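[1] Just to be clear, the model below is a prediction. Sequence and coordinates:
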Amino acid sequence: MRALSHLKIEAGQGCQNMTMLADDLSRTDIINLGPKSNTSSEQGPKAIPNVEQHPNEHGGPETKPNSEIGSNTLLTIGSRRRFRSTADGLARADYSAASWGATVVDHSEPRYERDWPWLGWWSTWWNGVHHKAIHMLSPSFGEPGRCFPLKGRSGFVVVKLREPIVPEAITIEHVLDSVVDDRSDAPKDCRVTAWLQHDRYDGKKNEFVLAEFSYDVRKSNVQTFGVSGSVAKARDEAVVNMVELQFGSNNGSPVSTCIYRLRVHGHKPRS
């Protein structure tokens, strides 16, 4: 009888504790975005803190939580992911995107920024292409240094496109001047050639000039240039799958020229 009474007492205490715990949870804010209001009649509904809008390098918004959010980083992470997915928004297909299957197949001498030049030479020799070459075919999201650095003021890069296309325009991207003090390593006078290559033994058969232009660091960091008039008139007859970017000068750096991103726009042949 004593054991049964003891169990009844413990059960009663357990129910009381569960009731108190439920009351405590009902009074707890799961995500504390601001001071807790005492009564709804005194302060009204709780306002969600404002989120400041800042333009990113492509002109789109980038959300940054203000100081009211404090340690709550959930909004920041979600906003970065959402706007990173649209940061590449030129609304034009890029057939030189590495994520779409394009590759760098040749280039001039790269600049090795480390103290072990033999490591850079080894990585280049292994497949003929430097391991940083993929950076120029991928979004940089405005990060300084996320580029393909080539030695000197002039050089070239050869890219195999995802598939044969009719080219329409070329886009060159460099880092924003708001995040670096010096953009003298940006390419300046550029010449782009292209050709159709069926296999690696074809070489540069039927190579022609796609476009010639100058990248101006005083303008937008993302600049698009149309193909020459003769190429535009040729329409579907000018089908290419290989593109070579040649730069004869940069904006002043005697050490290196950095290609942050190259994009090749066009459409599939209609015939």
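    Looks like it came in fine.
[2] Show me what counts as buried in stretch 145-161.
    146-150, 153-155, 157-161 (16 or more other C-beta atoms under 10 Å). Yep, even glycine has a C-beta here, placed from its N, CA and C like the rest.
[3] of all the residues you listed, which two lie farthest apart?
    The most widely separated members of the buried residues of stretch 145-161, counting by C-beta to C-beta, are Arg153 and Leu161 (26.7 Å).
[4] State the distance from the residue nearest to Lys132 when sequence neighbours are not counted to Ser154.
    Closest residue in space to Lys132, ignoring its immediate chain neighbours: Phe148 at 5.2 Å, by C-beta to C-beta, 6 or more residues apart in numbering. According to C-beta to C-beta, to the nearest Å, Phe148 and Ser154 sit 15 Å apart.
[5] same deal with Val240?
    23 Å.
[6] could you pull out the strands for this structure?
    Under the criterion DSSP state E, the chain contains strands at 51-55, 61-65, 103-107, 148-151, 155-173, 189-195, 208-214, 222-226, 240-247, 256-259, 261-267.
[7] deepest of these, which one?
    Ranked by mean neighbour count, the strands of the chain are led by strand 256-259 with a mean of 24 (mean count of other C-beta atoms under 10 Å).
[8] Quick check: neighbours of that one in the sheet, parallel or antiparallel?
    strand 148-151 (antiparallel) (DSSP bridges).
[9] The residue lying closest to Gly155 once chain neighbours are set aside: neighbouring residues, count only.
    Leaving aside its sequence neighbours, Gly155 sits nearest to Ser108 (C-beta to C-beta, 6+ apart; 3.5 Å). Other residues within reach of Ser108, judged by other C-beta atoms under 10 Å, total 15.
[10] So what would you say the end-to-end distance of stretch 95-104 is?
    12 Å (C-alpha to C-alpha, to the nearest Å).
[11] Okay, buried residues for that stretch please.
    Buried residues in stretch 95-104, counted by 16+ other C-beta under 10 Å: Tyr95, Ser96, Ala97, Ala98, Ala102, Thr103, Val104.
[12] And the pLDDT for the nearest residue to the fourth one once chain neighbours are set aside?
    This means Ala98. Nearest non-adjacent residue to Ala98, counting by C-beta to C-beta, 6+ apart: Leu137, 3.9 Å away. At Leu137, the model reports a pLDDT of 96.
[13] from what I can see Leu137 touches Ala97, true?
    Yes: in this structure Leu137 lies within contact range of Ala97 using C-beta atoms under 8 Å: 6.0 Å.
[14] Let's have the buried residues of stretch 145-161 in TSV, adding distance to Gln223.
    Output for the buried residues of stretch 145-161, formatted as TSV (distance: C-beta to C-beta, whole Å):
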residue	distance to Gln223
Arg146	18
Cys147	15
Phe148	17
Pro149	20
Leu150	19
Arg153	19
Ser154	19
Gly155	19
Val157	17
Val158	21
Val159	18
Lys160	23
Leu161	20
